[in-house]
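Visitor: Attaching a predicted model along with its sequence, questions to come.
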Amino acid sequence: MMIPAQRRWLVPFLLGAASIIASAQPTPGISPSPMTDIYGHMGVGTLRPDISAVLDLTSFHAGLLLPRMAVAQRNAIYQPATTLLIFNTTANQFEYNAGTPLAPNWVPFLSGININTVGWSLTGNSGTNPTINFLGTTDPQPLVFRSNNIERMRIAPNGSLGVGTSSPNPSAVADFSSSSQGVLLPRVTTTERDNIAGPSTSLILFNTTTQQFEYNAGTPGAPNWVSFDGGISGTEPIPFEATTLTVSNPLVTAGANVVISISDPSGQTITASVTSITPGVGFLVTFGGFYPTATGSLKYVIDK
């Protein structure tokens, strides 16, 4: 059909208008501006806001930018609502009001940036102050430790430590409970025991040389290791070329069992034995010849 010449201008006009209208149509599901559906849910960047959200933000090229303010500006907010969320530019962290409008309590979100100041890291913390940073409770509740999701240890509110029990005896600083395990104390030789620097009075250990439990009945400066069965230990220097050594100890009793050993950094090996015991006085040690150095010492344990 022929179009009259006077109407031919309508063709490009209509085609151009159709093109403009087509280009103005939004991409399916994408909203060029905020909209609200019939249920009152607002969508930004979407024509179909999620029905569970009062506000649904959708974008593939931008994020959500919360208000950014310094501490002074944050504190100047008039009656901030509970859960109000901001970004603190002073502390460089997200915060929300966990308090009330009249008594705000700004709590930071835990992140890799502030974990050393607001939480404990699984890889360790730095810059801690033991007067204010601690692992524990601030109310009268116990601190519980678990492994394999089973309680292994707890510290009761009164400070009693319980291992293997959830009810440590309040009269005990430590309460160990088990039907299949025991408590293993440090195991040391007599030489290792004597090398302990300033052993505390009542320090307990197991002497593998004498095969006895011992405790220090003396002082840190003058140890006196006593076995649990009432035994007494000590050390005496061995004079050069001595054939006998008299050890004075008024605590020795008749029928006591005296265990001796020789310690000498020069590595000398010579036999020695207890040849006599005088109750209330001491005992006599006889060597298998002249002792060849002046560096040896005799260590003994008297089992009363």
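Guide: Ah, there it is. Numbering: from 1, shown residues only.
Visitor: Enumerate the positions of stretch 93-109 that are buried.
Guide: Neighbour-count burial for stretch 93-109, counted by 16 or more other C-beta atoms under 10 Å, picks out 93-97, 104, 106, 108. For the C-beta atoms, the positions are set from N, CA and C on the backbone; glycine is no exception.
Visitor: Columns pLDDT and distance to Leu298 on top of these, output as TSV?
Guide: Converted to TSV, the buried residues of stretch 93-109 look like this (pLDDT from 0 to 100; distance: C-beta to C-beta, whole Å):
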residue	pLDDT	distance to Leu298
Gln93	90	68
Phe94	93	72
Glu95	94	71
Tyr96	94	73
Asn97	95	75
Pro104	96	75
Trp106	95	71
Pro108	90	66
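Visitor: all strands of the stretch 101-250 of the chain, in order?
Guide: Assigned by DSSP state E, counting those that start in this stretch, the strands in the stretch 101-250 of the chain fall at 106-108, 143-147, 150-155, 161-163, 174-176, 187-188, 204-207, 212-216, 225-227, 232-237, 244-248.
Visitor: Tell me which of those strands sits nearest to Pro34.
Guide: Relative to Pro34, the nearest member of those by C-beta to C-beta is strand 106-108, separated by 29.1 Å.
Visitor: I'd like to know which elements the closest one is packed against.
Guide: Packed against strand 106-108 by the contact rule (3 or more C-beta pairs under 8 Å, 6 or more residues apart in numbering; DSSP states H and E) you find strand 93-97.
Visitor: Just give me how far the strand it packs on sits from the chain centre.
Guide: Here the centre of strand 93-97 is set off from its chain's centre by 27 Å, with C-alpha atoms, centre = their mean, to the nearest Å.
Visitor: Can you give the contact residues for that strand?
Guide: 66, 74, 80-88, 104-109, 111, 113-114 (C-beta atoms under 8 Å, 6 or more residues apart in numbering).
Visitor: ok, back up a step: for Ser59, find the nearest of the strands of the stretch 101-250 of the chain.
Guide: In terms of C-beta to C-beta, the element of those nearest to Ser59 is strand 106-108, at 26.2 Å.
Visitor: Show me what that closest one pairs with in its sheet, parallel or antiparallel.
Guide: strand 93-97 (antiparallel) (DSSP bridges).
Visitor: Which parts of the stretch 51-200 of the chain are helices?
Guide: Counting by DSSP state H, counting those that start in this stretch, one finds helices in the stretch 51-200 of the chain at the ranges 71-75, 115-118, 190-194.
Visitor: Give me the buried stretch members for the last one, please.
Guide: Buried residues in helix 190-194, defined by neighbour count with 16+ other C-beta under 10 Å: 190, 193-194.
Visitor: nearest to Ala174, of these?
Guide: Among the buried residues of helix 190-194, Arg193 lies closest to Ala174 (C-beta to C-beta), at 22.9 Å.
Visitor: contacting residues around that closest one?
Guide: Taking C-beta under 8 Å, 6+ apart, we find Arg193 in contact with 199, 205, 207, 214, 225.
Visitor: I'd like those residues written out as a markdown table, with distance to Ala254 added.
Guide: Shown next, in a markdown table, are the contacts of Arg193 (distance: C-beta to C-beta, whole Å):
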| residue | distance to Ala254 |
| --- | --- |
| Pro199 | 30 |
| Leu205 | 29 |
| Asn207 | 24 |
| Glu214 | 23 |
| Trp225 | 22 |
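Visitor: Those residues: which two are farthest apart?
Guide: Taking C-beta to C-beta, the two most distant members of the contacts of Arg193 are Pro199 and Asn207; they sit 12.6 Å apart.
Visitor: Quick one: low-confidence residue ranges for the stretch 51-200 of the chain.
Guide: 112-114, 116-117 (pLDDT under 70).
Visitor: okay, Ala18: pLDDT?
Guide: Note for Ala18: predicted pLDDT of 46.
Visitor: Pro223 now?
Guide: For Pro223, the model assigns a pLDDT of 91.
Visitor: That one touches Asn216, doesn't it?
Guide: Yes - counting by C-beta atoms under 8 Å, Pro223 touches Asn216, with 4.9 Å between them.
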